[in-house]
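K.L.:
turn this into a structure:
(one chain, ligands or ions: 1)
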Amino acid sequence: MNHPTEAKRMNEKNPEPITIVQNVSKIYRQGDRTVNALLEVDLTINEGTFVAVMGASGSGKSTLLHLMSGLTRPSAGTVIVADQDLDKLSDSKLTRFRRERIGLVFQAFNLIPSLNAYDNILFPLYAAGIKQPDTSEVSELADQLGIQDRLTHRPDSLSGGEQQRVAIARSLIANPAIVLADEPTGSLDSVTGQAICKLLRTLCDQQGRTIVVVTHESTVAAWADRVVVLKDGRILKQFEVDECGNALSLSMQYQAAVESEDTVLA
Ligand SMILES: Nc1ncnc2c1ncn2[C@@H]1O[C@H](COP(=O)(O)OP(=O)(O)OP(=O)(O)O)[C@@H](O)[C@H]1O
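P.N.:
All right, here's what the predicted structure looks like:
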């Protein structure tokens, strides 16, 4: 397997922003208690880039991903995806927008157990009311993701890595503007997890897919172009992965960011 930095494309074109998070806060209220899950976050994700979001447990990573996908609405601020201000959409239009323009990948795969891989991949199109979708797209995706011979299998007869490949194919079937993945390797062993990362890198390099991955692992973030570090609901630091070179130096840079902020706060 190639080293992440060797496998990466040098992106020489001028990329357009695909997702813009502007001054976004998310406050959860639980009785008398309020939790500032995100505070005044600004973030731009450019088309065709692979971004990793890192941070300690509770730093707001999943909240940021949910806001970028329209699964959650912000308490304040604006989220724009593919030129659409999500706040301007009604709940039903937001659901439709999400189905059509945003691909989601989860740690637990979230496949439908009673459907085979083929129908799981097509599920977003069925859910959008398309009764006879173009199935050639499934074959093409299955080919790219190496699951051609698994399409008739249900999730319980697929390995974890195969299930995640099916879930990635499902996330791509509607040709989304961006793919958002929350700990996509969290349920996989390290070798399978690295294969999934390599696949995401390839989708970015060869098809210009825009991918955001939430992860705790520097070996996952090392495949990205850019790392965004969250702490206590704020962006602490962003850095290019090329500056680090590998997972070990990335991990050291991440730790240094977190610890230097501890020092400042102390
Ligand atoms: N629905 C909710 N209601 C109340 N508080 C919430 C809710 N969702 C998240 N939070 C709180 O918001 C903060 C950020 O949570 P979030 O899940 O975004 O963090 P995270 O960085 O993804 O954590 P982890 O790595 O553990 O998944 C945490 O304090 C969490 O308890």
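
K.L.:
okay, CA-based contacts and neighbour counts for the rest of this
P.N.:
OK.

K.L.:
ok so Asp156 is a helix residue?
P.N.:
Yes - the assignment for Asp156 (DSSP: H, G, I helix; E, B strand; the rest coil) places it in a helix.

K.L.:
touching, it and Leu115? I think so.
P.N.:
No - between Asp156 and Leu115 there is no contact under CA atoms under 8 Å: 10.1 Å.

K.L.:
need the residues touching each of those two.
P.N.:
With CA atoms under 8 Å, 6 or more residues apart in numbering applied, the contact sets of Asp156 and Leu115 do not overlap.

K.L.:
wait, Leu236 sits on Glu259?
P.N.:
No - using CA under 8 Å, Leu236 makes no contact with Glu259, being 10.8 Å away.

K.L.:
contacts for stretch 144-162?
P.N.:
The contact list for stretch 144-162 (CA under 8 Å, 6+ apart) reads 111-118, 139, 142, 163, 165-166, 169, 187-188, 192-193, 196, 199.

K.L.:
just the buried ones from those residues?
P.N.:
Buried members of these, scored by 16 or more other CA atoms under 10 Å, are 111, 116-118, 142, 163, 165-166, 169, 187-188, 192-193, 196, 199.

K.L.:
picking up where we left off before, of Leu236 and Glu259, who's got more company?
P.N.:
Remark: of Leu236 and Glu259, Leu236 carries more neighbours, 15 against 12, as counted by other CA atoms under 10 Å.

K.L.:
quick one: that one from Glu40, how far?
P.N.:
The gap separating Leu236 from Glu40 is 12 Å, by CA to CA, to the nearest Å.

K.L.:
burial check on Arg201, number of neighbours?
P.N.:
25.

K.L.:
again with Ser25
P.N.:
Neighbourhood size, Ser25 [other CA under 10 Å]: 24.
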